[in-house]
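In: below is the structure, and that's it, no one-letter string:
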């Protein structure tokens, strides 16, 4: 009950919400410009990461010095091809020359502080033993059982990047299709759900650029998951808005949307909370791989929840306002035209739906408006005459009482029957 | 009617049976669940076959042959459960869980092990061998040499042996009959000349021929036991037809994997625990029922993983944890709806009925949108991401089943027996 009793005018504060999004997105775009695009992870650019566990606490410069003493000339790839051998030596030479990003790390349960180092480099090193040897020699005994390394060749990285972009495009396309299928007859819901979706993707990319994190395959996985989450979140709220659109037809549109938001707010908050709980658990307790992934999801899921409440729903109101204004404008124009053009002639009600000779300027817009008006009129007539389905009585099928008593309808109480009718009502109107 | 009297009992028995069945499938966990490389430690290498002069395009036949050669070679390492799989038609994925020293494996993968004996003059040999007075590092002995007399395919067998002087090792080899005949003829003609032996284009040694040699020979390359064994392995399993290039490597230390497994298990359990508590506090009776359903869900997931040999990886655990969030979301949707119906003045029985019915399509939507993303990711995703996508996909399907059907079955019992009739028991 908390949120519905809250007199919170979310729709009225829309400029604030749009502003917050605009700031986040703008910051992200600036960050993107500063970094010359989204920095890509090694799985997309090619390169290698070596994570070593050392025998004692080290500093970055100590590790760097140790690496500079890699004995490049003895590096043996085991490869016969002299060209390949030279290539590998060159890559080790690059690392010895300081072309590696060092990052000190610490894991829960470690005895010494900062005894783990992540060495990432553009060089593709499949066998890091020369590197381990150099660190051993410097006195930081490498615990090989607690070390790991990954390497991706540059061409393979490019291939992965292409595949990932393809996956992103296909996933977006499929979600758009699903949205279209779900809101087929109502363009505005579909379009705005799409906008919310794009919003979340842009925010995720922007925040990643801001945090200067590298987009890798985990980021892609998070992106695709968030896209699904965002669509789902929009659908939940839009469903309620559509439902309330019927139930609260007498209320102004913006108030109806706001009420819908407050009604679904508990759900939104709880869902977000449970998802955030598991993500935070992953973020704090999960390994390094999961940490990066959980971060991307945290950002995306939060953005997804935000966009469907604070962006998509106010946009719906704006859309409605625009339609209203257009309608009002057309009505005024029609009235003026009738006053001017058909002087002395009284327009019959039936004439209104029929296109009338108008000036060239209005012709195009007017025709569809006339159709809309006709539609609105039909709706108007229909609504009061058709009784709300929930008041029609139907046999209770859920409890099975009717069956038990040999077909005699036995309703335990009125609300029970109402309930099932209302339920079938949703089914019918979907 | 039988069904109306016994349906709850039947449903409960089915669910109980499901749980017991799942329990038998996945228990004991440590035996049934396969851990991925990132949790168990080991080496994964993606190998690309590169065309050479002889084979300009890589066909699937070459791929199969190369895979066979690599299998023969790597199986000598004594690591259990090495798995090989073809990727595309010019790549081979090799996974060696539990491998502690990747160096040797990487060499076995990369070394073509093309053994060749090609004629050179004594002066050329001196120019090409390091340590001699006329050594010229720019001189390419391989290119200077003539056509090969003997190649690896002429070998019938090879084995390492301790060198006569002690310390170092040599490789003894035996030639096939037809190679032996050629070798005998050539060595008879070239007594006093060097016999240069190349492996993968590298001049290993060039002993001077003392007399005609028949089927048996020896390579003295100043080997250690390890390098001699490696060479023998390679020679015996045959040479690679085309060179290999390792384009992706993932090598995880065994202890590190164990550590990651522990922390991520802690993460999932903590997440699961808080979520269970959250549901209980917020939704009370149905919260408890949803928690039970969530436990059933976990049982089903574990059983699936155990039954179908799904390899559990870190991203896979992440997918599992996230699908728990999904399963809970479905219940949140349903229970919120029930609360609303209660506020609207319905009886608990009616509210539960309507809540489940009305929320179903929204729940369905949320699962479909998630499945779409997961399916695309599984289809096009790379390596580790696939594991995440897979568990998320399976988890979403199970979640749809449990969140709707099993929670419903539990709730129906409570409602039909008038156990919790006050709205307050529903968090309303």
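Out: Perfect, thanks for sending it. Every value quoted in this text rests on a predicted model; they were computed, and no experiment measured them.

In: ok, how many other residues are close to the residue in the stretch 51-200 of chain B that chain A sits nearest to?
Out: For the stretch 51-200 of chain B and chain A, the shortest gap (Cβ to the nearest Cβ) falls at residue B:200, measuring 2.6 Å. C-betas here are computed from N, CA, C, even on glycine. Neighbour count for residue B:200, taken as other Cβ atoms under 10 Å in any protein chain shown: 21.

In: and it, what are its phi and psi?
Out: phi 50, psi 40 (degrees, to the nearest 10).

In: mind pulling up the pLDDT for it?
Out: Note on residue B:200: pLDDT of 73.

In: what's the answer for residue B:379, then?
Out: 90.

In: tell me which element it is part of?
Out: Secondary structure from DSSP states H and E places residue B:379 in helix B:348-380.

In: C-terminal to that helix, what's the next element?
Out: Criterion used, DSSP H and E; the element after helix B:348-380 is helix B:383-401.

In: quick check: phi and psi on the closest residue to residue B:216 other than its chain neighbours?
Out: In space, not counting the residues next to it along the chain, residue B:216 is nearest to residue B:174; the distance is 5.5 Å by Cβ to Cβ, 6 or more residues apart in numbering or on different chains. Main-chain torsions, residue B:174, degrees, to the nearest 10: phi -120, psi 140.

In: ok, residue B:174 to residue B:238 distance?
Out: 15 Å (Cβ to Cβ, to the nearest Å).

In: quick one, which of those two is more surrounded?
Out: Shown here are residue B:174 and residue B:238; by other Cβ under 10 Å, residue B:238 has more neighbours (18 against 15).

In: check which helices and strands the one helix or strand residue A:168 maps to sits against.
Out: Assigned by DSSP H and E, residue A:168 belongs to helix A:154-182. In terms of contacts (3 or more Cβ pairs under 8 Å, 6 or more residues apart in numbering or on different chains; DSSP states H and E), helix A:154-182 is packed against helix A:42-45, helix A:187-210, helix A:217-247, strand B:244-252, helix B:348-380.

In: and the last one, what does it pack onto?
Out: What it means is helix B:348-380. By 3+ Cβ pairs under 8 Å, 6+ apart, helix B:348-380 packs against helix A:154-182, helix A:217-247, helix A:414-429, helix B:314-343, helix B:383-401, helix B:407-416.

In: who in the stretch 201-350 of chain A is up against chain B?
Out: Applying Cβ under 8 Å from any Cβ of the partner chain, we find that the stretch 201-350 of chain A lies next to chain B at A:217-218, A:220-221, A:224-225, A:227-229, A:231-232, A:235-236, A:239, A:263-264, A:266-267, A:270-271, A:273-275, A:277-282, A:284-287, A:289-290, A:293-294, A:297.

In: buried ones among the residues you listed?
Out: A:217-218, A:220-221, A:224-225, A:227-229, A:231-232, A:235-236, A:239, A:263-264, A:266-267, A:270-271, A:273-275, A:277-282, A:285-287, A:289-290, A:293-294, A:297 (16 or more other Cβ atoms under 10 Å in any protein chain shown).

In: okay, domains of the chain per the record?
Out: No chain was given, so I picked chain A. Structural domains annotated on chain A: A:2-40+A:156-322, A:47-152, as defined by automatic domain parsing.

In: wrong chain, I was asking about chain B
Out: Split by automatic domain parsing, chain B gives B:2-38+B:253-426, B:40-104, B:115-240.
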